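S.K.: With the sequence up front, the predicted model follows.
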Amino acid sequence: MSAPLLDVADVTVRLPMSGELKTVLHQVSFGIGEGEALGLVGESGSGKSMTAKAIARLLPPGAEVHGSVQFRGLDVSAMKWQASRSYRSEVAMVFQDPRAHVNPVRTIGDFMTEALRTNHGVSKADAVRKAVGLLADVGIADGARRLEQHPHELSGGLLQRVMIATSLLTDPLLLLADEPTTALDVTTQSEVMAILDALRRERGMAMLFITHDLELASAVCDRTAVMYAGQLVEQRRSSELHDDPLHPYTAGLVGARPSIDGEVGRLAAIPGRPRSAFEAPAGCAFADRCVHAVESCTQARPELEPLDGGFVRCHRAVELRGRLTGVHHG
Amino acid sequence: MADEPLLEVLDLRKEFGTRVAVDDVSFQIQPGGSLAIVGESGSGKTTIAKMITGLLAPTSGTIRACGHDRSKPAKGTAERRRRGGEVQIVFQDPYSSLDPRQSGAAAIDQVLALHKGGSSSERADRVAELGSLVGLDARQLNALPRALSGGQRQRVAIARALAAEPRLLILDESVAALDVSIQAQVLNLLADVRAETGVSYLLISHDLAVVRQITDDVIVMRDGQVVERGITREVLDRPQHEYTQLLRASVPSPGWRPRRRHEATPSAS
C-alpha cells in the first residue's frame, strides 16, 4: 500500500478538565487512502468527534497532543501559514447540526461564497456560479433563489445539503463528516447519504464518516473502525465487520440494536455504560463490560494487532475468532 | 374485544392557524396493549401525545382514557390529578425533563405523595421498589441528575412516571437519545415493566426497529394523516402504503444502499 492520504499515528490527546489533564484519545492510529471512505463508529465519549477535531486542528486550547497526523506526507501540527491555509481548503468538515454552524442573519449566498471570495480571491460572480453548480450537484435545482434565502427558510435536510455543497466549494481531497445525518429524518438521511456517496465517488474524494450507527457506516464506507473509551478497538472491511466482528464490543453493538425484521426477542444489552478514556479501567478498557473477559484482560492493555485483514485490540481475539457472531435474538 | 378500550381517540384534529397538524385521526389501545405512532418531523405524532396528556387542546374530536373524556381541559385540581393517575408521559430528553436540583428519589416521592399518599416510610419503600423495577440502586436514586448517565436519568423518568401507577404510559421518543448499548437496556426494561404491571404503551417514534421491539400495533402518519395501520410485524414486513415502503427502505441494514427519493426538490423548503 502506498502512503495514505491521511495518516493518523499513535495520537493521544489530553484535555484540561476541572484543573487536570484528562485523556480523551489513547493511541489512535489509522490511515485513509485517496478516494477511500472510512467509517468511525462509537457511542458517547468514545472519542470519535475528538479524533476528527484532532485531524482538523480544532482541539480546544490547552490540549496536549502526542503522536502525529500527516496529510499527503506533511505533519499537520507543524504546518504554518500557507501550508495551513491550503490544508484547510483540502480538508473540509460537515457537522451534525447545520443550524449551529451557519450565521442565521446572513443569506445562504453570503455563507457559501465568503471563503472563496476572501481567501481565494474568486470574484463574486464566479463564486455564485460555482455555488449554484454545487447546489445542483446536491439536488437543489433552484440554487440562485436559495442563495437569496436565510437559513430559517430551509428545512434541516435542505440546509444540510447546503452545508455539504459549501464544504465542496474548495474541491477538498478529504471530507470529515461528523454525524451529518443524525439530526435528519430517516428518508432525508437516505437521500443525503446517497448524495454524499455519489459526490464522493465522482470526485474521488476521501471521507472520514463519523456516526453512532454501525449499519449506516457499513453501508457507505469501505472500511469501518470502532472506537471505545478513546481507543480504536477494531478496524475492518465494512462488509465483514457486521457479520463477523473480531472485538466483543463490536459484536455487542450489533447484538444490542433491535432488528427491523425477524423474530423479536430480548436484546443482548451490554451491561454498564460507555466509558470515556479517562474513566477506562486499567488493562482492556472494555473488560468490565465484556462477557468474554478473563482475569488477564484486566491486567495489561491490549495493543491494536493485525488479524484477518483488519486490526483488533483484544487479548482473546485469536481465540474468539468466528465465535462472536453479530447475530442476536439467539 | 368486549373490553372498553383503555384509550380511544376519535376524529382528533388540531389546527395551528391555517395549518392542519393532526387531521381527523382515530385509534384505540386495548388494556395491556402497545401501540406505536410512527412518522417523521411534521407528521403530527408529538402533537397527538400533547393532546392526550392535556398539554394542548384539540381543535375537534374526542379523547377518552380509562372511561373518562379528556378532550377538554381539566376542571380543577381533582380532575387534573385523576388524569395524571391514568396517563403519564416519558419525554425524549432526560437531561431537560428532570429537575437538576432534585434527586430521583425525591422526584419519585413527590409523585407518590401526590397520587398515592401513604406515610413517608411507606413511600420510601415504594421508591426503592420502583428503583429496583427500573434497575437503579439506592445510591443512584439519591444522586442528582447531573451525576447520572443518560440511561440512568431515563430510568428515573420512567420510574417517576410509573409511580402514579398509570394505566397508559406515553413514550415520546423516550429511547431515541440513548446510546445503542443503553437503549437496549431500557428497551428490555420497558418490555419487563409491561409484562409485570400490565401497563399499556403509546410509543411515539421514528425508529422502526424500536417500534418492532416493543409494540404490537402501529399507525403510520404523514402530514397529520394516518396512511397505514395494522399489526406492527405485518406492517413492517409487508408495508402497503408507498410512504411506509419508503420509510422501511430508508433504514440502513446489511446490504443497504442509500437512495435518492427524487433527483431534485425545487419546492421543498
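M.R.: Looks like it came in fine.
S.K.: Pull the number of nearby residues for residue B:72.
M.R.: 12 (other CB atoms under 10 Å in any protein chain shown). The C-beta positions use only the backbone N, C-alpha and C, and glycine is treated the same way.
S.K.: For it, list the residues it contacts.
M.R.: By CB atoms under 8 Å, 6 or more residues apart in numbering or on different chains, the contact list for residue B:72 reads residue B:57.
S.K.: ok, now residue A:8?
M.R.: Per CB under 8 Å, 6+ apart, neighbours of residue A:8: A:28-31, A:51, A:54-55, A:67-69.
S.K.: ok, which pair from these is furthest apart?
M.R.: A:31 and A:54 (14.6 Å; CB to CB).
S.K.: Would you check that residue B:183 makes contact with residue B:175?
M.R.: Yes: Residue B:183 is within contact range of residue B:175, at 4.8 Å (criterion: CB atoms under 8 Å).
S.K.: if we can go back for a sec, for ChimeraX, write the selection for the buried entries among the contacts of residue A:8.
M.R.: Buried residues among these (16 or more other CB atoms under 10 Å in any protein chain shown), as a ChimeraX selection:
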select /A:28,29,30,31,51,54,55,67,69
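S.K.: could you dump the contacts of residue A:8 to JSON lines with secondary structure and pLDDT?
M.R.: Listed next are the contacts of residue A:8 as JSON lines, based on DSSP: H, G, I helix; E, B strand; the rest coil; pLDDT from 0 to 100:
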{"residue": "A:28", "secondary structure": "strand", "pLDDT": "96"}
{"residue": "A:29", "secondary structure": "strand", "pLDDT": "96"}
{"residue": "A:30", "secondary structure": "strand", "pLDDT": "96"}
{"residue": "A:31", "secondary structure": "strand", "pLDDT": "96"}
{"residue": "A:51", "secondary structure": "helix", "pLDDT": "96"}
{"residue": "A:54", "secondary structure": "helix", "pLDDT": "95"}
{"residue": "A:55", "secondary structure": "helix", "pLDDT": "96"}
{"residue": "A:67", "secondary structure": "strand", "pLDDT": "96"}
{"residue": "A:68", "secondary structure": "strand", "pLDDT": "95"}
{"residue": "A:69", "secondary structure": "strand", "pLDDT": "96"}
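S.K.: And residue B:177, how far from residue A:4?
M.R.: From residue B:177 over to residue A:4 the distance is 35 Å, taken as CB to CB, to the nearest Å.
S.K.: for residue A:322, same thing?
M.R.: Residue A:322 is 29 Å from residue A:4, by CB to CB.
S.K.: Do stretch A:104-124 and chain B come into contact?
M.R.: No: using CB under 8 Å from any CB of the partner chain, stretch A:104-124 stays clear of chain B, coming no nearer than 11.5 Å.
S.K.: contacting residues for residue B:205?
M.R.: Residue B:205 makes contacts with B:36-38, B:171, B:173, B:176, B:211, as judged by CB under 8 Å, 6+ apart.
S.K.: related to what we said a few turns ago, where do the contact lists of residue B:183 and residue B:175 overlap?
M.R.: residue B:210.
S.K.: and the residue most central in space within chain A, bridged to which residues?
M.R.: With distances taken as CA atoms, centre = their mean, residue A:210 lies nearest the centre of chain A, 2.2 Å away. Here residue A:210 sits in beta bridges with residue A:40, residue A:178, going by DSSP bridges.
S.K.: any idea how far stretch A:62-78 is from the chain center?
M.R.: 18 Å (CA atoms, centre = their mean, to the nearest Å).
S.K.: what does the stretch 101-250 of chain A put close to chain B?
M.R.: Contact residues (CB under 8 Å from any CB) of the stretch 101-250 of chain A with chain B: A:136, A:139-142, A:149, A:153-158, A:185-195, A:197, A:212-216, A:218-220, A:242-243.
S.K.: Could you pick out the buried ones from those residues?
M.R.: Buried among these (16+ other CB under 10 Å): A:139-140, A:154-158, A:185-195, A:197, A:212-216, A:218-220, A:242.
S.K.: Keep only those of those residues that are in helices.
M.R.: Those of these mapping onto helices are A:156-158, A:186-195, A:197, A:214-216, A:218-220, A:242, per DSSP state H.
S.K.: need the residues of the stretch 101-250 of chain B near chain A, please.
M.R.: Counting by CB under 8 Å from any CB, the stretch 101-250 of chain B sits next to chain A at B:149-152, B:179-185, B:187-188, B:191, B:206, B:208-210, B:212-213, B:233, B:236-237, B:246-250.
S.K.: 6 Å - rerun?
M.R.: By the rule CB under 6 Å from any CB of the partner chain, the part of the stretch 101-250 of chain B lying against chain A is B:149, B:179-181, B:184-185, B:187-188, B:208-210, B:213, B:246, B:250.
S.K.: so how many other residues sit close to residue B:248?
M.R.: 18.
S.K.: wait, it sits on residue B:239?
M.R.: Yes: counting by CB atoms under 6 Å, residue B:248 does reach residue B:239; the two are 5.1 Å apart.
S.K.: which residues of the chain fall in strands?
M.R.: Went with chain A since none was named. A:6-17, A:20-32, A:37-41, A:64-71, A:74-75, A:91-94, A:174-178, A:206-211, A:223-228, A:231-237, A:305-307, A:310-312 (DSSP state E).
S.K.: if you could check chain B rather than the one you did, that'd help
M.R.: Under DSSP E, chain B gives strands at B:7-16, B:19-29, B:34-38, B:60-65, B:68-69, B:87-90, B:168-172, B:200-205, B:217-222, B:225-231.
S.K.: now these in JSON lines, with distance to residue A:90 and mean pLDDT?
M.R.: Compiled in JSON lines, the strands of chain B are given as follows (distance: least, CB to CB, whole Å; pLDDT from 0 to 100):
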{"stretch": "strand B:7-16", "distance to residue A:90": "47", "mean pLDDT": "97"}
{"stretch": "strand B:19-29", "distance to residue A:90": "45", "mean pLDDT": "96"}
{"stretch": "strand B:34-38", "distance to residue A:90": "42", "mean pLDDT": "97"}
{"stretch": "strand B:60-65", "distance to residue A:90": "57", "mean pLDDT": "97"}
{"stretch": "strand B:68-69", "distance to residue A:90": "64", "mean pLDDT": "94"}
{"stretch": "strand B:87-90", "distance to residue A:90": "46", "mean pLDDT": "95"}
{"stretch": "strand B:168-172", "distance to residue A:90": "44", "mean pLDDT": "96"}
{"stretch": "strand B:200-205", "distance to residue A:90": "41", "mean pLDDT": "96"}
{"stretch": "strand B:217-222", "distance to residue A:90": "42", "mean pLDDT": "97"}
{"stretch": "strand B:225-231", "distance to residue A:90": "46", "mean pLDDT": "97"}
